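1. What follows is a predicted structure for the sequence shown.
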Amino acid sequence: MIAASFFAVVLGLASALVAGLVGSFALMKRITLAGDVISHLALPGLGLAFLWHFQPLAGAALTLAIGIVLIDQLQRRSGLIAESAIGVVFVAALAAGTLVTPTEDLIDALFGGFGEINVVGFALGIAGCVIVAATIYVLRHELILGIFSPDLARSLKINIDRVNLLYLFSFGLTVLLGLHFLGSLLVGAMIIVPPAVARRLSNTLDQYLILSALTSMTAAGLGFAISFHWHLPLGPVIVAVVSAIFAASLARRRA
Amino acid sequence: MSAILELKNVSVTLDHDTIVRGVSFVIEDGQSIAIIGPNGSGKTVLLKAILGLIAYDGEIIWRPGATVGYVPQKIDADRSVPLNVRNLLVSKAHVIGKGEAEITQVIQRVGLSEPVLATPIGHLSGGQFQRALVAFALLGDPDIVLFDEPTASMDEPGEEQLYALLDRLRTEVGITTVVVSHDLSFVYRHADNVLCLNRSGVCFGPPRGVLTSKLLAELFDAPTFYGHTHS
């Protein structure tokens, strides 16, 4: 029990750190909405895993991977139709996921908290965090130039489509890492809210990235403490904390 | 001198509309080519085809290993992103496999002061932004730089300063350039050859040879332009 709690806290903080980093680039790329849609694509996979009694995160990984390829293809077709299609994917995934998930597991799938983290899950989770952080580190220059101007990036022979797809897979892996704690409905919050806080409080790229990761880790840490102390469900508490931090950041005039 | 870039009968069709039709020219090392033409004549489209950003028919032949800088007409970048000039230059330096040492040098070459490096892109004036784009293009010492109306978002003094900068780069560094420009006096002064584009055809040659009043009137569909005949 103590080991499981230790694993949960350490993995939760590590996942929060990478969520803050991945989210920083999502905000700059203006794909937070598409990113939120990706997180909901985990629900049908979780539902099928609960239904057929296999590892929930394996089911989520499968539907996330399919969803990422779908969203990537839709994003390459800019315009209203693509935006509508992404919206349709979002509600369809939520509806299908709700229908296939057994009622007794639905709350866990939506808000997190299913199962305990064993040593294998912990090791895989930490490996996932390292992969996401390494991918973002390696791609950072291409991502920055692509955010500034896709044409300028392409003129430097950067394969923007490949960079975007690798980024989306990192995003999907980050969703998978947070799913256990937050569920498919709330996991997007940890990717969207910390960079929004950091953007308000920072002036430089380095400050922005560090503040986003720190905000995310602070929310996770406080969330764990409040949840343990008052026996409240972890996922909603973490999201409540990060939302409160965002509300507090509004008090400061934007940098 | 050797050819750095050759276009052979290049056409670009977008959405079943042929924007650029049968363009051919050669640019040698150290030369400057100006591209002129009315709005919608395909100047930007041609540059994008040369850069390989859009599909085209015909042949575009680069000298093997040629490096290219590009100054786009406008950048639709979200200026609220927390990126400063240094972030962009550092990222380019890494992508092209160069060190960061050149950054200060390139910033000075375009007439910007070092503190501008730390300025968020959203806080730059139009002129500073444009110069920063030129610095970005020059970083890594490219063999050729393509400028797409580099003065489009600048006021008149800014325009003159930028054109003076291009002249200086040409005489001091011997840089090879392709410049899309509306400024005919710059074209006469700066370009070895001029490519005139409009939907009905193209012309190519030294400015004093091809830019007659008649051709300019035809090109822009208005008799308001005149040729410089003094030496």
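-> Right, received. Where do you want to start?
2. what sits up against stretch B:3-22?
-> Stretch B:3-22 is contacted by residues B:23-29, B:42, B:45-46, B:49-50, B:54-63, B:66, B:143-144, B:176, B:178, B:197, B:199, B:201-202 when judged by C-beta atoms under 8 Å, 6 or more residues apart in numbering or on different chains. The C-beta positions use only the backbone N, C-alpha and C, and glycine is treated the same way.
3. Could you pull out the buried residues of it?
-> Taking 16 or more other C-beta atoms under 10 Å in any protein chain shown as the neighbour-count basis, stretch B:3-22 is seen to contain the buried residues B:4-7, B:10-12, B:19-21.
4. before we move on, back to that, which of the contacts of stretch B:3-22 are buried?
-> Members of these classed as buried by 16+ other C-beta under 10 Å are B:23, B:25, B:27, B:29, B:42, B:45-46, B:49-50, B:54, B:56, B:58, B:62, B:143-144, B:176, B:178, B:197, B:202.
5. If you drop the residues flanking it in sequence, what lies closest to the residue located most distally from the centre of chain B?
-> Distance to the chain centre peaks in chain B at B:Pro82, reaching 27.2 Å (criterion: C-alpha atoms, centre = their mean). Spatial nearest neighbour of B:Pro82, excluding adjacent residues (C-beta to C-beta, 6 or more residues apart in numbering or on different chains): A:Tyr208 at 4.4 Å.
6. and the helix or strand harbouring the one you found, what's its mean pLDDT?
-> Using DSSP states H and E, the element containing A:Tyr208 is helix A:205-230. Regarding helix A:205-230, the rounded mean pLDDT is 96.
7. tell me what that helix is packed against?
-> Taking 3 or more C-beta pairs under 8 Å, 6 or more residues apart in numbering or on different chains; DSSP states H and E as the contact definition, the neighbouring helices and strands of helix A:205-230 are helix A:2-28, helix A:160-201, helix A:234-249.
8. got the angle for that helix vs helix A:234-249?
-> For helix A:205-230 and helix A:234-249, the angle between their directions (axes from the mean of the first three to the mean of the last three C-alpha atoms, to 10 degrees) works out to 130 degrees.
9. Which one, of the helices and strands packed on helix A:205-230, ends up nearest to chain B?
-> helix A:2-28 (4.7 Å; C-beta to the nearest C-beta).
10. tell me the angle of whatever helix or strand comes next after the closest one relative to helix A:160-201?
-> On the C-terminal side of helix A:2-28, the closest following helix or strand by DSSP H and E is helix A:32-40. Relative orientation of helix A:32-40 versus helix A:160-201 (the same axes, to 10 degrees): 110 degrees.
11. Give me the pLDDT for the most centrally placed residue in chain B.
-> Relative to the mean C-alpha position of chain B, the nearest C-alpha, by C-alpha atoms, centre = their mean, is the one of B:Phe147, at 1.2 Å. pLDDT for B:Phe147: 94.
12. and it, helix, strand or coil?
-> strand (DSSP: H, G, I helix; E, B strand; the rest coil).
13. Identify the residues contacting it.
-> Contacts of B:Phe147 were listed using C-beta under 8 Å, 6+ apart, and they are B:71, B:134, B:137, B:166, B:177-181.
14. what's the nearest residue to B:Pro150 if we skip its chain neighbours?
-> B:Val71 (5.2 Å).
15. before we move on, what about A:Val37?
-> Residue nearest to A:Val37 in three dimensions, not counting chain neighbours: A:Phe90, with 4.2 Å by C-beta to C-beta, 6+ apart.
16. Checking my notes, that neighbour in a strand, right?
-> No: when classified by three-state DSSP, A:Phe90 is found to be helix rather than part of a strand.
17. tally of neighbours for it?
-> Counted by other C-beta atoms under 10 Å in any protein chain shown, the residues lying close to A:Phe90 total 20.
18. and if you look at A:Pro102?
-> Applying the criterion other C-beta under 10 Å, we find 10 residues in the vicinity of A:Pro102.
19. for A:Gly125, same thing?
-> 22.
20. quick one on the thing from earlier: quick one: which of the buried residues of stretch B:3-22 sit in strands?
-> Secondary structure of the buried residues of stretch B:3-22 is defined by DSSP state E; positions in strands are B:4-7, B:10-12, B:19-21.
21. Just the C-alphas of the lowest-mean-pLDDT helix or strand in chain B, formatted as PDB.
-> Lowest on mean pLDDT, DSSP states H and E among the helices and strands of chain B sits helix B:213-220, with a mean of 72. Presented in PDB, the C-alpha positions along helix B:213-220 are these (Å, rounded to 0.1, in the frame of the first residue of the first chain):
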ATOM      1  CA  SER B 213       7.400  52.500 -70.600                       C
ATOM      2  CA  LYS B 214       5.300  50.500 -72.900                       C
ATOM      3  CA  LEU B 215       6.100  47.200 -71.200                       C
ATOM      4  CA  LEU B 216       5.500  48.600 -67.700                       C
ATOM      5  CA  ALA B 217       2.200  50.100 -68.900                       C
ATOM      6  CA  GLU B 218       1.200  46.700 -70.200                       C
ATOM      7  CA  LEU B 219       2.500  44.800 -67.200                       C
ATOM      8  CA  PHE B 220       0.600  46.900 -64.700                       C
END
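22. isn't the residue nearest to B:Pro150 right next to B:Ala135, touching?
-> No: with contacts defined as C-beta atoms under 8 Å, B:Val71 does not count as touching B:Ala135, sitting 9.7 Å away.
23. where does A:Leu46 land on pLDDT?
-> pLDDT, read off for A:Leu46, is 91.
24. A strand includes it, no?
-> No: judged by three-state DSSP, A:Leu46 forms no part of a strand; its state is helix.
25. From chain B, how far off is A:Val89?
-> Counting by C-beta to the nearest C-beta, to the nearest Å, the gap between A:Val89 and chain B amounts to 24 Å.
26. quick one: contacts for that residue?
-> Taking C-beta under 8 Å, 6+ apart, we find A:Val89 in contact with A:37, A:41, A:67, A:70-71, A:74.
27. How about residues contacting the strand or helix carrying B:Pro157?
-> Taking DSSP H and E as the definition, one finds B:Pro157 inside helix B:156-168. Counting by C-beta under 8 Å, 6+ apart, helix B:156-168 makes contact with B:110-111, B:126-127, B:130-131, B:134, B:147, B:150-151, B:154, B:177, B:179, B:183, B:186, B:189-190, all of which sit outside it.
28. Repeat the analysis, applying 7 Å as the threshold.
-> Outside of helix B:156-168, the residues that reach it under the criterion C-beta atoms under 7 Å, 6 or more residues apart in numbering or on different chains are B:110-111, B:126-127, B:130, B:134, B:150-151, B:154, B:177, B:179, B:183, B:186, B:190.
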